[in-house]
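Chemist: fold the stuff below for me.
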Amino acid sequence: MLGSRYVLKKIGWAVLTILFVIVLNFFLFRILPGDPARSGVRDPRLTAQAVEAIRVRFGLDKPIINCFQSLNPVEVGDCFVNPMDTQFFIYARNLLQGELGISYHSNRPVADLLLERLWNTVLLVGMGQILSIIIGIVIGVIAAWKVRTSVDYGALIGGLVAWSLPTFWLGIILLMMGSRHFDLPIGGKITPGATYANAWEQVLDVGRHMILPTLTFTIVFVGEYLLIMRSTMVDVLSEDYVLTAKAKGLNNYQILRNHALRNSMLPMVTIIALNLGFTVAGAIQIEAVFSWPGLGQTIFEAVNRRDYPVLQGAFLIIAVAVVFANLIADLLYSYLDPRVRAA
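Modeler: Below is the predicted model of the structure:
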């Protein structure tokens, strides 16, 4: 069992990290060039009065925090404003109440917008991760068992190539090939204007749209899992207890299942847990290429529109996911290997 002191220490560091991310998240997007009041509403007919009304509507006319103004420099005497009436305080107060603000572009609550898109990302990321984990582990184990053979060399080359492929480039290549040779959809989640006789037809339509982005996701991550599993398994298979198991007459399946695989999974547990957090952010490129209506596509659009509330909310979700995944990885790894807690 994990010690309560160790668990509390890890949780404390996770909470401090999230607090730091919240502060950084606020200031990070306010250093972007451009006027969010104009970028959020791309209408060349906007008058100066209309732009100022938009700034007042979303609180962009208020100072960021005392002397750090949101748009224009002011006189020194105007710098000493009420801290309760600054953008940062309003942001922190709303965050404590569970509010992420209102989107500058769609005028919708950011929490509703992101929650709607988050499930699409979870669907895409979840399917891609499951396939890449299974395929990577299986091929990695086979390559390690057949070490220094043509099977091992082929797996190594394939893994290195898959791991080094740029995500957006692979997505474009698969999009061109899939749409031309297999008549697969080139983007979106469902066919525009399609009507479904039942829920099963809608599931099939969503499944067809998921084939190419899921395949891209799987290829990108299967190389990493394959190489790590193969490397760890090769080290484990050279241990004395594995040689002892062979001397006892155990068959290959028993040696892999009961001895080698369990110990080889320790590094994989860490990598998988960490990737579950980072893949939410990594989906940005894939969703942008395939126009998948997920969190990544939302971030891509919000950057172009200088939509601060959407960017803050999306990156906060990503940061919390990464920190939580790190916490789970630390606790799980220390549970599987008690030597970590003693270090």
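
Chemist: and the protein, what are its domains?
Modeler: Domain ranges of the chain: 32-104, 110-342, per automatic domain parsing.

Chemist: pick the most buried one from those domains.
Modeler: Comparing these by mean neighbour count (mean count of other Cβ atoms under 10 Å), domain 110-342 comes out on top with a mean of 18. (Each C-beta comes from the backbone N, C-alpha and C, glycine too.)

Chemist: quick one: mean pLDDT for that one?
Modeler: Averaging pLDDT along domain 110-342 yields 85.

Chemist: chain center to the helix ranked longest in the chain, what's the gap?
Modeler: Determined from DSSP state H, the single longest helix within the chain is helix 199-237. The chain centre lies 15 Å from the centre of helix 199-237; the measure is Cα atoms, centre = their mean, to the nearest Å.

Chemist: in a markdown table: the domains of the chain, plus distance to residue 10.
Modeler: Below are the domains of the chain laid out as a markdown table (distance: least, Cβ to Cβ, whole Å):
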| stretch | distance to residue 10 |
| --- | --- |
| domain 32-104 | 23 |
| domain 110-342 | 5 |
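
Chemist: nearest to residue 16, of these?
Modeler: domain 110-342 (9.8 Å; Cβ to Cβ).

Chemist: chain center to stretch 285-300, what's the gap?
Modeler: 12 Å.

Chemist: what comes into contact with that stretch?
Modeler: Here stretch 285-300 makes contact (Cβ atoms under 8 Å, 6 or more residues apart in numbering) with 113-114, 117-118, 120-121, 124, 167-168, 171-172, 175, 186-189, 209, 212-213, 216-217, 280-281, 283-284, 310-311, 314-315, 317-318.

Chemist: also stretch 168-182?
Modeler: Outside stretch 168-182, the residues touching it (Cβ under 8 Å, 6+ apart) are 184-187, 211-213, 215-216, 219-220, 285-286, 288-290.

Chemist: looking at those residues, which is nearest residue 104?
Modeler: Distances from residue 104 to the contacts of stretch 168-182, taken as Cβ to Cβ, are shortest for residue 288 (20.2 Å).

Chemist: from residue 219, how far out is residue 165?
Modeler: Computed with Cβ to Cβ, to the nearest Å, the distance linking residue 165 and residue 219 is 7 Å.
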